[in-house]
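Enquirer: I need the structure of the sequence given here:
(chains A and B)
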Amino acid sequence: MTKDLFIYNSLTRNKELFQPIQSPHVGLYVCGPTVYSNVHLGNCRTFMFFDVVFRYLTHLGYKVRYVRNITDVGHITSQFDEGVDRIGEQARLEQLEPMEIVQKYTDDFRSVMRVFNNHSPSIEPTATGHMIEQMEMIKKILDQGFAYEVNGSIYFDVQAYRKQYPYGELSGRNVEELYENTRTLDGQDEKRFFADFALWKKASPEHIMRWPSPWGEGFPGWHLECSAMSTKYLGDQFDIHGGGMDLKFPHHESEIAQNTACCGKGPVRYWMHSNMLTVNGQKMSKSLGNSFLPHELFAGSHPLLEKGYTPQVVRFFMMQAHYRSTLDFSNDALNAAERSYERMMGAYSALADCKASASSTADTAALEQRCYAAMGDDFNTPVLVAELFEAVRMINGCKNGQLDLTADNLLQLKRIMEVFLIEVLGVQPMEEAASTELPDLMMDAVFEVRKTLKEKKDYATADLLRDVFAKRNIGIKDTKEGGEWSYEKK
RNA sequence: GGUCCUGUGGCCGAGCGGCUAGGCAGAGCUCUGCAAAAGCUUGUACAGCGGUUCGAAUCCGCUCGGGACCUCCA
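Expert: The predicted structure is shown next:
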């Protein structure tokens, strides 16, 4: 069975066969959040997708080191010196210490990641915890002649860098065009060249988050931490770097420049960028004011939502679109995802009830191969989901006695569902609350009573029993063997 | 303005030269006291106009619509 993995590399704009630098080890770095406010759903999409990358690589047998940083140094909100930093500003607003803001929203981020069933990264380093590494990197870049100091600030020297290395390859832009399209700005006098970016900024007197450095008190530039931390934990060159598409420029472009200036070579083999979550066709973002917070979604409290959806439904919803496509967020789409999730999970639990036959015409081996092919084709989760629905049809058919499956088939189906649905996509079955022993025993008694009532043709009472449970959100279904029941998550 | 992406049936979304994914919703049938679930069947979609080709949703050109980035953003 072939389990080749092809990854679309943003840098080369091609799908390439994945070959780790040092198999079986794989280094994966993903840009994490800036913890100055609650993560919204758009952020979650990216992290959920790279969680699937992490899960699938692990499933393939790779020893993955997954590093996802926490940005806990506030970046400047404008290109000007007088811009405020986000964390400092939020600290003022909430009347807290900056590090209290960091703690609060880091906690929020982690709990949201958990409810969405994301695995924890192998390492989750913080920018403030790596000041020394960042300063060391600045020193190296200075030594190589690709940066200069002005007034206690250090800037990356794009002009000098371009004499030796290409700049702008990832985002596909050239400096001349950039220049034409950059408004002439005040407050740039410190820079030698408009495209230069800060590696270190001198802190103004009112700036709270500040660290001593060889160049005076200040704070690191916002691209630097990722370069410093990826190098520290994954080495000069590592396999995969991921992030949202909106980070391509300038963030990732600058990372490449910093690493190359520092170590003489590009840091990343495969660049991966996930596309945006949209609302009514527009990018979900905090600044546009159209972002959804996870708890608003679960509770259905957002004005644009008719009802709430569980985290697992949302995850399943996200998996039905390819990561490089935008995904539009709407009630209709979520409702469809909810129904399909229920069907999928219904089949998953029905697997246990399937009886094996002596012979079969179903080709579960081919199905399994197609699942690997889907994931191997640049993590094509929507195609994988389509294949899983093929498994659903087989399982339901078998359960109804309309399709014969051998014991081998059933084993294979079980493996497909467990590997791809549960392990790789990371979608969990509905809360286990409905399946503890006691409720099942009690419900068995209820089915017994209903059976008797039906035998006596007392349908009114039988229906009453069903309605009484329906009022408590417990659904009852008749089956040949007796009955089934479930919590209706409506 | 520059660079790039995108437009698929009622809705969401794959596919990216031939074999017309998948889900949700709809219709019919089977099953059923009714219903639900499930299974089966069903839907002649690829923005428009040209072109390339034996053959195009898929390639090229133009037109129209939507979006992203161009130093806040996952």
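Enquirer: you'd agree A:N409 is up against A:A358?
Expert: No - with contacts counted by Cβ atoms under 8 Å, A:N409 stays clear of A:A358, the gap being 11.3 Å. All C-beta spots, glycine's among them, are computed from the backbone N, C-alpha and C.
Enquirer: Average pLDDT for stretch A:215-226, rounded please.
Expert: For stretch A:215-226, the per-residue pLDDT values average out at 95.
Enquirer: List the buried residues in that stretch.
Expert: Across stretch A:215-226, burial judged by 16 or more other Cβ atoms under 10 Å covers A:W215, A:G218, A:F219, A:P220, A:G221, A:W222, A:H223, A:L224, A:E225, A:C226.
Enquirer: Which residues does the third one form beta bridges with?
Expert: Right, the one you point to is A:F219. For A:F219, the beta-bridge partners under DSSP bridges are A:K201.
Enquirer: quick one, strands of the stretch 1-150 of chain A?
Expert: A:6-9, A:14-17, A:25-30, A:63-68, A:147-150 (DSSP state E, counting those that start in this stretch).
Enquirer: Tell me how many other residues crowd whatever residue of the stretch 301-450 of chain A ends up closest to RNA strand B.
Expert: Nearest residue of the stretch 301-450 of chain A to RNA strand B (Cβ to the nearest atom of the strand) works out as A:S340 at 2.6 Å. Residues lying near A:S340 (other Cβ atoms under 10 Å) number 17.
Enquirer: Could you check how far it is from A:P382?
Expert: For A:S340, the distance to A:P382 (Cβ to Cβ, to the nearest Å) stands at 12 Å.
Enquirer: Identify the contacts common to the two.
Expert: Common contacts of A:S340 and A:P382 (Cβ atoms under 8 Å, 6 or more residues apart in numbering): A:Q320.
Enquirer: Could you give the bridge partners of the one residue in chain A that gets nearest to RNA strand B?
Expert: Using Cβ to the nearest atom of the strand, A:G244 is the residue of chain A that sits closest to RNA strand B, at 1.9 Å. On the basis of DSSP bridges, A:G244 is bridged to A:S274.
Enquirer: Please name the residues that touch it.
Expert: For A:G244, the contacting residues are A:C31, A:G42, A:N43, A:T46, A:H273, A:S274, A:M276, by Cβ under 8 Å, 6+ apart.
Enquirer: Show only the entries of the residues you listed found in helices.
Expert: Using DSSP state H, A:G42, A:N43, A:T46 are the members of the contacts of A:G244 that sit in helices.
Enquirer: Next, count neighbours for the closest residue to A:T34 other than its chain neighbours.
Expert: Nearest residue to A:T34 in three dimensions, chain neighbours excluded: A:T71, at 4.2 Å (Cβ to Cβ, 6 or more residues apart in numbering). By other Cβ under 10 Å, the residues close to A:T71 number 21.
Enquirer: Surely A:T71 touches A:R86?
Expert: No - counting by Cβ under 8 Å, A:T71 sits too far from A:R86 to count as a contact (9.4 Å).
Enquirer: intersection of neighbour lists for these two?
Expert: A:T34.
Enquirer: Helices of the stretch 301-450 of chain A, start to end?
Expert: When secondary structure is read from DSSP state H, counting those that start in this stretch, the stretch 301-450 of chain A shows helices at A:311-319, A:331-350, A:364-376, A:381-399, A:407-416, A:437-455.
Enquirer: quick one on the thing from earlier: just the ones of the buried residues of stretch A:215-226 in helices?
Expert: Of the buried residues of stretch A:215-226, the ones assigned to helices by DSSP H are A:L224, A:E225, A:C226.
Enquirer: who touches the last one in this structure?
Expert: Contacts for A:C226 (Cβ under 8 Å, 6+ apart) come out as A:Y29, A:C31, A:N69, A:H251, A:E255.
Enquirer: What about the first one, how many residues nearby?
Expert: A count of nearby residues for A:Y29, using other Cβ under 10 Å, gives 29.
Enquirer: Give me the spatial nearest neighbour of A:S254, chain neighbours excluded.
Expert: Excluding its sequence neighbours, the residue lying closest to A:S254 (Cβ to Cβ, 6+ apart) is A:H223, at 3.8 Å.
Enquirer: Just confirm the one you found contacts A:I256, I think it does.
Expert: No - look at A:H223 against A:I256 with Cβ under 8 Å: they stay out of range, at 9.7 Å.
Enquirer: Which segments of chain A make up each domain?
Expert: Chain A is divided into the following domains under automatic domain parsing: A:6-274, A:278-424, A:434-487.
Enquirer: Dump the ones in helices among the buried residues of stretch A:215-226 into JSON lines; add distance to RNA strand B as well.
Expert: Formatted as JSON lines, these follow (distance: Cβ to the nearest atom of the strand, whole Å):
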{"residue": "A:L224", "distance to RNA strand B": "12"}
{"residue": "A:E225", "distance to RNA strand B": "11"}
{"residue": "A:C226", "distance to RNA strand B": "10"}
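Enquirer: Relative to A:L411, how far out is A:E180?
Expert: Plainly put, A:E180 is 63 Å away from A:L411 if you go by Cβ to Cβ.
Enquirer: More neighbours: which of the two?
Expert: Relative neighbour count places A:L411 above the other of A:E180 and A:L411, with 13 against 7, counting by other Cβ under 10 Å.
Enquirer: Skipping adjacent residues, who's closest to the residue of the stretch 301-450 of chain A closest to RNA strand B in space?
Expert: Nearest non-adjacent residue to A:S340, counting by Cβ to Cβ, 6+ apart: A:F316, 7.1 Å away.
Enquirer: re the thing from before, so of the helices of the stretch 301-450 of chain A, which one's packed in deepest?
Expert: helix A:311-319 (a mean of 23; mean count of other Cβ atoms under 10 Å).
Enquirer: relative orientation of that helix and helix A:331-350 in degrees?
Expert: 110 degrees (axes from the mean of the first three to the mean of the last three Cα atoms, to 10 degrees).
Enquirer: got a list of contacts for helix A:311-319?
Expert: Helix A:311-319 is contacted by residues A:41, A:45, A:48-49, A:52, A:115-117, A:294, A:297-298, A:309, A:327, A:333-334, A:337-338, A:340-341, A:344, A:381-382, A:384-385, A:425-430 when judged by Cβ under 8 Å, 6+ apart.
Enquirer: residue contacts, the closest residue to A:I422 other than its chain neighbours?
Expert: Among residues not flanking A:I422 along the chain, A:Q428 sits closest, at 7.2 Å (Cβ to Cβ, 6+ apart). The neighbours of A:Q428, taking Cβ under 8 Å, 6+ apart as the test, are A:N117, A:Q312, A:I422.
Enquirer: hmm, try it at 10 Å
Expert: A:Q428 makes contacts with A:F116, A:N117, A:T310, A:P311, A:Q312, A:R315, A:F316, A:M345, A:L421, A:I422, as judged by Cβ atoms under 10 Å, 6 or more residues apart in numbering.
Enquirer: got the contact list for A:E136?
Expert: Each residue near A:E136 by Cβ under 10 Å, 6+ apart is listed here: A:H130, A:A228, A:T231, A:K232, A:C262.
Enquirer: With that, I have no additional questions.
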